[in-house]
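Chemist: Sequence first, predicted model second:
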Amino acid sequence: GSSGINAEYGAMANEYGDPFTDEQEEGADSFRFDSSISGTLCVVDCSEEMLTKDPETTVSRVVLALEAIKATYCNKLISGSLDRIGVLLVGTETLTHDYPGIHILLPLDTPDKACVDVLQQASNDFANGKFEWGHSQAYSPYHLLFTCNSIYTSCVKKLGTRLIMIFTNVSEPRDMNNKTRQLATTKARDMSELGITISIITLPAADGGDFNMEKFYSALVPDHEAMSPTNDIEDLSQRVHRRENKVRMTASMPFVVGPELTIGVQCCNLFGEPPAKHINLCSKTNEPVICESSVVRETDRTTLAPYEVHRSAKFGSQTVIFSQDEVDQMKVRSDKGIYLVGFRPAKDIKTHHVAGKSLFLRPTETVYNGSTSFFVALLTRLHAREMVGLVHCVPREGTAGFIGALVPQPEERDEDNEQVRPLGFHLIHLPFADDIRKLTYEPTNQPSPAQVEAAKAVVNKLKAKQFNSSLVENPTVLQFNKTLEAIALEKDKIEETDDNTKPDVERMTKRAGSEMQQLNSAVFPSGYDVPADCKKPDYKRVITLVQNRQREGTLAKVSVADLRLYCKGVRLKVSSTAKKGDLLEAIKKFLG
């Protein structure tokens, strides 16, 4: 089916460039918008129900929320994110902005170690029963939303996304009436039109009951996704991370299905790294250097304006001259957009059919009403029939575009109703016929039937009944993240991580010791001579030899091959074309 190849395409397309990025045409893309920096306000309800400790974990809901928020701060601090984040407490006696029951614990700003310390201290105070801000049930949701809106309005930095996350286990705030309900609903609708999203993070109720969105919060968040409450801090932190890190769209364009049918879609990158920014420095002063180029006339060396530069092409015996505008017009085959060409079975799109970076498409109603309904209907039918759409994509004005395939991906949710995969199309950049090379492979020795059977016996013995590769994390990456965390939080000691990738030799030998011995005998019988190019370098011997020769003063008698092997063993960087004298000098300097 089509859903099985989505991850492969995304991973393979990671190394290619973004077709929506062109430094030479900066400012020409009217559909692009800055969404690199997001803003998040975390609101923690400090009512009596939230201060009640869970009988199983003996942790109050307020502490649970603060720990999840602290994990978000740590992640952004370690990653060096420029996102803004702030924390508000509601249901307190202290007040800010002249509104009772609302206290700003942390202002909207980039995270730092001081913010993490404040959250840790607040979490410890709540865990020990201390509440220095007092306790009050009188706070208005309208005043809360007004305060959040004021914070975002006063933010000097332009934010791509703005989110308000409310942590609570109370279905309806105290002292609610029709007037306050109407004010809060109207304010939430106005903020939604301004691009501010409200999300409710539900926590387990103090009396063990269910959280009822219909009592109040459904009016603030009409499209809220129902989730089962959780008491686990790690699970709650993951939910906060998913809500806070929404997919950020990078472009929007029309999707032309037919002569009289056009819908709107948005594009985003699910995979890839931001482009590396480099600065040219002067070798003498180490100051930034600005590179400028110009075209000069050969006769008098005068600088030519862009409109004076022309291009030429020879047709037969005549030379035809074109201006730069005429050359740009030749490249234009159609206006900006995605044009549906036809359909093909999903099995015809292979994993290696990737000529550029893949994009992810989602519908948008900003220009064409009804786009979502048609988009979902098209995706559902293509997925059911295991088909893909062929399109001609023109990402920018003045470009020739490319041929792509629309691979449908239906929405997937886990047992907690959290979205695992979003609904949308993967736009795969397809190659032309001459872009695919046919490789020739040298023939290799094939294993004998006895060797194949011996290998099958080992595999059957060591096969795990339930295994998920995503649960095995890279120990190097884990240790690197722990090191970054220690540096960012100014810790005295770096926390060690367990390496789960190392094989359990004892258990493997116990389960398949005899089978592994039979496989070793079948592949490497007695008297088998290992080829020289397959033998591992003997670094230990070479390092000992060089050290002994250095002490004896006879280092020059060591061969060049051993000297290069020593440099490789001790990770001493030398040139691949270095001669013996250069190697001896580098090694002597290394050994002191």
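Modeler: Good, I have the coordinates. Residues are numbered from 1 along each chain as shown.

Chemist: CA only for contacts and neighbour counts going forward, please
Modeler: Noted.

Chemist: what about Val156, which SS state?
Modeler: Secondary structure, DSSP: H, G, I helix; E, B strand; the rest coil: Val156 is coil.

Chemist: Burial check on it, number of neighbours?
Modeler: 7 (other CA atoms under 10 Å).

Chemist: any idea how far it lies from Cys42?
Modeler: Separation of Val156 from Cys42 (CA to CA, to the nearest Å) stands at 19 Å.

Chemist: What of Arg61?
Modeler: Distance, Arg61 to Cys42, by CA to CA: 14 Å.

Chemist: Check Asp529 too.
Modeler: Noted for Asp529: a distance of 67 Å to Cys42, by CA to CA.

Chemist: who's more crowded, those two?
Modeler: Legend: neighbour count by other CA under 10 Å for Asp529 and Cys42, higher for Cys42 (26 against 8).

Chemist: ok so that one is a strand residue?
Modeler: Yes: the assignment for Cys42 is a strand, going by three-state DSSP.

Chemist: Does it touch Ile69 like I think?
Modeler: Yes: shown here, Cys42 and Ile69 form a contact pair, counting by CA atoms under 8 Å, at 7.5 Å.

Chemist: Please compute how far stretch 564-578 lies from its chain's middle.
Modeler: Remark: stretch 564-578 is offset 37 Å from the chain centroid, using CA atoms, centre = their mean, to the nearest Å.

Chemist: which residues sit against it?
Modeler: For stretch 564-578, contacts defined as CA atoms under 8 Å, 6 or more residues apart in numbering pick out 537, 539, 542-543, 546, 583, 586-587, 590.

Chemist: Check stretch 498-513 too.
Modeler: Contacts of stretch 498-513 (CA under 8 Å, 6+ apart): 458, 461-462, 472-475.

Chemist: and it, average pLDDT?
Modeler: Averaged across stretch 498-513, the pLDDT comes to 87.

Chemist: buried ones in it?
Modeler: By neighbour count with 16 or more other CA atoms under 10 Å, stretch 498-513 contains the buried residues Ala512.

Chemist: what are the ranges of the strands in the stretch 401-550 of the chain?
Modeler: Ranges of strands in the stretch 401-550 of the chain, per DSSP state E, counting those that start in this stretch, are 402-409, 412-413, 419-421, 424-429.

Chemist: So which of those strands is nearest Thr364?
Modeler: Closest to Thr364 of the strands of the stretch 401-550 of the chain, according to CA to CA: strand 424-429, at 11.4 Å.

Chemist: the inter-axis angle of that closest one versus strand 402-409?
Modeler: For strand 424-429 against strand 402-409, the angle by axes from the mean of the first three to the mean of the last three CA atoms, to 10 degrees is 150 degrees.

Chemist: Packing partners of strand 424-429?
Modeler: Contact analysis of strand 424-429 by 3 or more CA pairs under 8 Å, 6 or more residues apart in numbering; DSSP states H and E lists strand 359-363, strand 402-409 as its packing neighbours.

Chemist: That strand pairs with which strands, parallel or anti?
Modeler: Paired neighbours of strand 424-429 in the sheet (DSSP bridges): strand 359-363 (antiparallel), strand 402-409 (antiparallel).

Chemist: To Leu88, which of those lies closest?
Modeler: Closest to Leu88 of these, according to CA to CA: strand 359-363, at 33.0 Å.

Chemist: For the very next helix or strand once past the closest one, the averaged confidence score.
Modeler: Heading C-terminal from strand 359-363, the first helix or strand you meet, by DSSP states H and E, is helix 371-384. Averaged across helix 371-384, pLDDT comes to 93.
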